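K.L.:
model the structure of this input:
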Amino acid sequence: MRRLTICLLAVLPAGSIAAQEAYQPPASLVAQDLPTIPRELADQAGRYTQFRQARVVDWHPLRREMLIATRFADVTQLHRVVTPGGDRRQLTFQREPISGGRYQPTRGDHLVFRQDQGGNEFFQLYRYDVKDGAIRLLTDGKSRNTGGVWNRQGTRLAYQSTRRNGTETDIWVIDPSDPASDRMAVEVQGAGWGAQDWSPDGKQLLVGHFISANQSELWLADAATGTRTMLTTADSGTTVSYPSAEFSRDGKGVYLTTDRENEFTRLAYMDLASRRIRTLTQAIPWDIDEFALSDDGTLLAFVANENGFGRLHLMATATGGERTLGSAPRGLVSGLVWRHGSHELGFTLSSARAPADAWSLDVATGRFTRWTESETGGIDFSALPDPELIQWKGSDGLALSGFLYRPAARFAGPRPVVVSIHGGPEGQSRPDFLGRWNYLLNEAGVALILPNIRGSTGYGKSYLASDNGPRREGAYSDIGALFDWIRTRPSLDAGRIMVMGGSYGGHMTLVTAYRYADRICCAVDVVGISNLATFLENTSSYRRDLRRVEYGDERDPATRAFMDKTAPVNNASAITRPLFVVQGANDPRVPRSEAEQIVATLKRQQTPVWYLLGLDEGHGFQKKSNADFQFYATLAFVEKYLVATATP
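P.N.:
The predicted structure is shown next:
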């Protein structure tokens, strides 16, 4: 990457040539102490922002056509594709991104989608009428409304809402054709509740209660009276997770995923009469990420998370035998949805070499069909090497792993490294498409490492829980162990390391910035937590108790002491390397105060800190214009503090 002249905004006269050549941020962004971003940099990197992704949302119930989510302008909207490779015909033209969507399942004359405002995640449900494109608000416009599952008769949609008191996620039922029918069907206590499926006769609801990443329950609720009966019980002294569930087509049982009596989440079947659970994927030593039952109930499609890769499987429900898929495309598979009245499965596929696109599988012929081919800005990513699965050990000997994305072969010598830590903490770095960040590999010669430190999903429930509460100290040390591993690789420059991450990954970035200041050149924190205690006090009430299970209860004196001792904002004097902080003003998860307290502290001690605030964004930037500026600013930060840094 060419060295670029970076001048501070305050230095540039309004009419200067340099000012005219600056790449200006959108009006919705507030940039504090950022340098001017040269137009030349945006021109160089602009192609890497011109990629699209297409994700399967639903099938039309009467026609072989897909509903997909993709972006043509600034935000993701709903489109229909009437034939494989056909035009993506845009349906919605909202100013905010569309989240989810499902057709009315018997006629398909309307669909229901979710949308929030400015990234605040207080989603509302809307009805879209296919005939004339009219959109009508279905919910109250104020509460948080999520989910949305139709009964098979197409007369009612169940969803969860905080409407009653702002915290509890009660189950509500509505006929979208008659908005006045909206009513609370199941009143619950606490957050984390959600409708998963309707019984075939439309009388009962399968309801999940998410308590933590390691613990959840399944309940059966009467849709008319709201009476609940628990279906699952945990073994004494253990926690069990039941992430997803769906009624069998005869209504006599429930297909579900669970880690009961196992480290990994397996696909299973519960007989409702006896409540006995029978495991269906005992031979697969990996988590089952998701599954879908065909319309006639004879086939189960499911995805196994094999060390980060997603492998699609098919199983006959009558025998439990698997169907051979032949040459299934390799990558990450998600969004399984069967076409009504058929054995055609829709899904989304992405890989390190290609953005997400819509695909289908015809089970009868074994044929895979690609429905969309998303643009990549004219860049050919097919020659990119596969990410390398890397492994190292923590200071306590725990086996750790991640993925190394190597820069283009033309870059000689040890390469600078960006370590990008995923959020969650219950997340997982997987060998997926990097989008904009391929620029670092192809043009800047920077290597990327995406670690899965303790607490990540995909490696068993013990590993998932191994960072809870004060055990988080182990996760903090895992990054130091990774830095030791980088020193063993001649192709990587251990003297030029930048760490970055979003959400919990941002918290890990800030911790790394003070614990390992002598091992890094700089850091980028995106919507990160600067103090776990103040975060818990100020995060939205509907999610506070769920997060306390993961991080600990800040009201407990011993836990509070640990949080205060390890908080980056309380250790900021040790942060001596430049920091770039990115925050959404409307973030309901990690509030704006978490960013601004670390920025203010670093400014007082005169540590270089850039701050970018999105006034119309929440937990990360979703609007393309905002995300593009964040990307260009990050490249300028990388050039100034990582690439241009002399190796000791």
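
K.L.:
domains in this protein, by residue range?
P.N.:
The chain breaks down into these domains under automatic domain parsing: 9-50+378-531+567-643, 52-137.

K.L.:
of those, which approaches P200 most closely?
P.N.:
For these, proximity to P200 was assessed by C-beta to C-beta; domain 52-137 is nearest, at 12.7 Å. Where you see a C-beta, it was placed from the backbone N, CA and C, and this is true even at glycine.

K.L.:
gap between the closest one and the chain center?
P.N.:
19 Å (C-alpha atoms, centre = their mean, to the nearest Å).

K.L.:
I'd like the average pLDDT over it.
P.N.:
Domain 52-137 shows a mean pLDDT of 96.

K.L.:
mind checking how far S161 is from G528?
P.N.:
Using C-beta to C-beta, to the nearest Å, one gets 29 Å for the distance from S161 to G528.

K.L.:
the two: which is more packed in?
P.N.:
A direct count of neighbours by other C-beta atoms under 10 Å for S161 and G528 places G528 higher, at 31 against 22.

K.L.:
correct me if wrong: the more buried one contacts M500.
P.N.:
No. Counting by C-beta atoms under 8 Å, G528 does not reach M500; the two are 9.6 Å apart.

K.L.:
overlap in contacts of these two?
P.N.:
Contact with both G528 and M500 is made by residues T509, according to C-beta atoms under 8 Å, 6 or more residues apart in numbering.

K.L.:
pull out the buried positions in the strand or helix carrying A185.
P.N.:
Counting by DSSP states H and E, the element that carries A185 is strand 178-186. Applying a neighbour-count criterion of 16 or more other C-beta atoms under 10 Å, one finds 182, 185-186 buried in strand 178-186.

K.L.:
parallel or antiparallel, which strands does it pair with?
P.N.:
Counting by DSSP bridges, the strands paired with strand 178-186 are strand 170-175 (antiparallel).

K.L.:
longest strand in this protein, please.
P.N.:
Counting by DSSP state E, the longest strand found in the chain is strand 492-502.

K.L.:
may I have the phi/psi pair for the residue nearest to V254 when sequence neighbours are not counted?
P.N.:
Ranked by C-beta to C-beta, 6 or more residues apart in numbering and with sequence neighbours excluded, the top spatial neighbour of V254 is M270, at 4.6 Å. Backbone torsions for M270, taken as degrees, to the nearest 10, come to phi -110, psi 130.

K.L.:
and the residue nearest in space to the middle of the chain, which of the three is it?
P.N.:
The C-alpha lying nearest the average C-alpha coordinate of the chain belongs to G427 (C-alpha atoms, centre = their mean; 7.7 Å). Using DSSP: H, G, I helix; E, B strand; the rest coil, the structure places G427 in coil.

K.L.:
touching, it and P451? I think so.
P.N.:
No. Judged on C-beta under 8 Å, G427 makes no contact with P451 at a distance of 11.4 Å.

K.L.:
for T257, see how far away L157 is.
P.N.:
From L157 across to T257, the span is 23 Å (C-beta to C-beta).

K.L.:
what do you get for D545?
P.N.:
Taking C-beta to C-beta, one finds D545 at 23 Å from T257.

K.L.:
of these two, who's got more company?
P.N.:
T257 (24 against 16).

K.L.:
can you tell me the helix or strand for that one?
P.N.:
Assigned by DSSP H and E, T257 belongs to strand 253-258.

K.L.:
CA-only coordinates of that strand, as PDB, when you get a sec.
P.N.:
Below are the C-alpha coordinates for strand 253-258, written out as PDB (Å, rounded to 0.1, in the frame of the first residue of the first chain):
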ATOM      1  CA  GLY A 253     -43.000 -35.400  19.100                       C
ATOM      2  CA  VAL A 254     -40.500 -32.600  18.900                       C
ATOM      3  CA  TYR A 255     -37.200 -32.500  17.000                       C
ATOM      4  CA  LEU A 256     -34.700 -30.500  18.900                       C
ATOM      5  CA  THR A 257     -31.000 -29.700  19.400                       C
ATOM      6  CA  THR A 258     -29.400 -30.300  22.900                       C
END
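
K.L.:
which strands and helices lie in contact with it?
P.N.:
Under the contact definition 3 or more C-beta pairs under 8 Å, 6 or more residues apart in numbering; DSSP states H and E, strand 253-258 sits against strand 245-247, strand 266-271, strand 287-293.

K.L.:
try 10 Å this time
P.N.:
With contacts taken as 3 or more C-beta pairs under 10 Å, 6 or more residues apart in numbering; DSSP states H and E, strand 253-258 sits against strand 193-198, strand 204-212, strand 215-222, strand 245-247, strand 266-271, strand 277-279, strand 287-293, strand 299-306.

K.L.:
next secondary structure after the last one?
P.N.:
Note on strand 299-306: by DSSP H and E, the next helix or strand toward the C-terminus is strand 309-316.

K.L.:
all strands of the stretch 401-550 of the chain, in order?
P.N.:
Secondary structure of the stretch 401-550 of the chain (DSSP state E, counting those that start in this stretch): strands located at 415-421, 447-452, 492-502, 522-526.

K.L.:
for the second one, packing partners?
P.N.:
Strand 447-452 is packed against strand 388-393, strand 399-405, strand 415-421, helix 438-442, helix 472-487, strand 492-502, helix 504-515, with contacts defined by 3+ C-beta pairs under 10 Å, 6+ apart.

K.L.:
give me whichever of these is most buried.
P.N.:
helix 504-515 (a mean of 27; mean count of other C-beta atoms under 10 Å).

K.L.:
what angle do it and strand 415-421 make?
P.N.:
120 degrees (axes from the mean of the first three to the mean of the last three C-alpha atoms, to 10 degrees).

K.L.:
pLDDT wise, what is P578 at?
P.N.:
pLDDT at P578 comes out at 98.

K.L.:
just checking, it touches W610?
P.N.:
Yes. Assessed by C-beta atoms under 10 Å, P578 is found in contact with W610 at 7.7 Å.

K.L.:
mutual contacts of those two, please.
P.N.:
Jointly contacting P578 and W610 under the rule C-beta atoms under 10 Å, 6 or more residues apart in numbering are 524, 637, 640.

K.L.:
most neighbours among these, please name it.
P.N.:
V524 leads the shared contacts of P578 and W610 on contacts (other C-beta under 10 Å) with 28 neighbours.

K.L.:
any idea how far E261 is from the closest residue to that one other than its chain neighbours?
P.N.:
With C-beta to C-beta, 6+ apart as the criterion, V524 has its nearest non-adjacent residue at 3.8 Å, and that residue is M500. Per C-beta to C-beta, M500 is found 39 Å from E261.

K.L.:
before we move on, what about E373?
P.N.:
E373 is 44 Å from E261, by C-beta to C-beta.

K.L.:
likewise for V643?
P.N.:
Taken as C-beta to C-beta, the span from V643 to E261 is 51 Å.

K.L.:
which of these two has more neighbours?
P.N.:
V643 (19 against 11).

K.L.:
now stretch 140-154: buried residues?
P.N.:
Buried positions in stretch 140-154, judged by neighbour count with 16+ other C-beta under 10 Å: 143-152, 154.

K.L.:
which of the residues you listed fall in helices?
P.N.:
If you go by DSSP state H, the buried residues of stretch 140-154 have nothing in helices.

K.L.:
can you redo those as JSON lines with pLDDT?
P.N.:
Formatted as JSON lines, these follow (pLDDT from 0 to 100):
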{"residue": "S143", "pLDDT": "97"}
{"residue": "R144", "pLDDT": "97"}
{"residue": "N145", "pLDDT": "97"}
{"residue": "T146", "pLDDT": "96"}
{"residue": "G147", "pLDDT": "95"}
{"residue": "G148", "pLDDT": "96"}
{"residue": "V149", "pLDDT": "97"}
{"residue": "W150", "pLDDT": "98"}
{"residue": "N151", "pLDDT": "98"}
{"residue": "R152", "pLDDT": "97"}
{"residue": "G154", "pLDDT": "97"}
